[in-house]
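Student: need coordinates for the following:
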Amino acid sequence: MSISIEEVDRIAKLARLTFSPEEKQKLQTEMSAILDYVDQLKKVEGMAASPADSEGLNLMRDDVAEMPIEPEEFLNQAPAREGRYLKVKSILE
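Tutor: Residues are numbered from 1 along each chain as shown. Coordinates of the predicted model:
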């Protein structure tokens, strides 16, 4: 897949970047190479190109906050504590 100089200009404008004509040409070549590589990856059988292509399959666990250890139990394991806080050696004088 080839990307045009106009598309490079549009992307640069959206990113609020300016490039010289030589830099634009180099970016066009590099972006086209990236898109070609993505097209190759899409051809691999059984591989989704992005998480959105995986038909709702969530490979990660649910993001649920949980307290693995009670705060008091944690503080009891500390070498030194002061009230509800861990006591640590001062590093500033």
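
Student: rest of the way, CA atoms for contacts and neighbours
Tutor: Noted.

Student: ranges for the helices of the protein?
Tutor: 5-14, 21-42, 71-76 (DSSP state H).

Student: out of those helices, which gets nearest to residue 85?
Tutor: Checking these against residue 85 by CA to CA gives helix 71-76 as the closest, at 7.5 Å.

Student: what bridges to the nearest residue to residue 87 once chain neighbours are set aside?
Tutor: Nearest non-adjacent residue to residue 87, counting by CA to CA, 6 or more residues apart in numbering: residue 81, 4.6 Å away. When bridges are called by DSSP bridges, residue 81 pairs up with residue 86.

Student: how close does residue 35 sit to residue 91?
Tutor: 51 Å (CA to CA, to the nearest Å).

Student: remind me which residues of the protein are low pLDDT?
Tutor: 45-59 (pLDDT under 70).

Student: try it again at 90.
Tutor: Residues of the chain meeting the criterion pLDDT under 90: 1-2, 38-79, 81-93.

Student: now do the contacts for residue 33.
Tutor: For residue 33, the contacting residues are 1-2, by CA atoms under 8 Å, 6 or more residues apart in numbering.

Student: from residue 26, how far off is it?
Tutor: 11 Å.

Student: with residue 42 instead?
Tutor: 25 Å.

Student: swap in residue 86?
Tutor: Distance from residue 86 to residue 26, by CA to CA: 55 Å.

Student: and residue 70, by the same measure?
Tutor: For residue 70, the distance to residue 26 - CA to CA - is 56 Å.

Student: higher neighbour count, the two?
Tutor: Using other CA atoms under 10 Å, the more surrounded residue of residue 70 and residue 26 is residue 26, with 12 against 8.

Student: residue 35 and residue 91: who's more crowded?
Tutor: When residue 35 and residue 91 are compared for neighbours, residue 35 comes out ahead with 14 against 5, by other CA under 10 Å.
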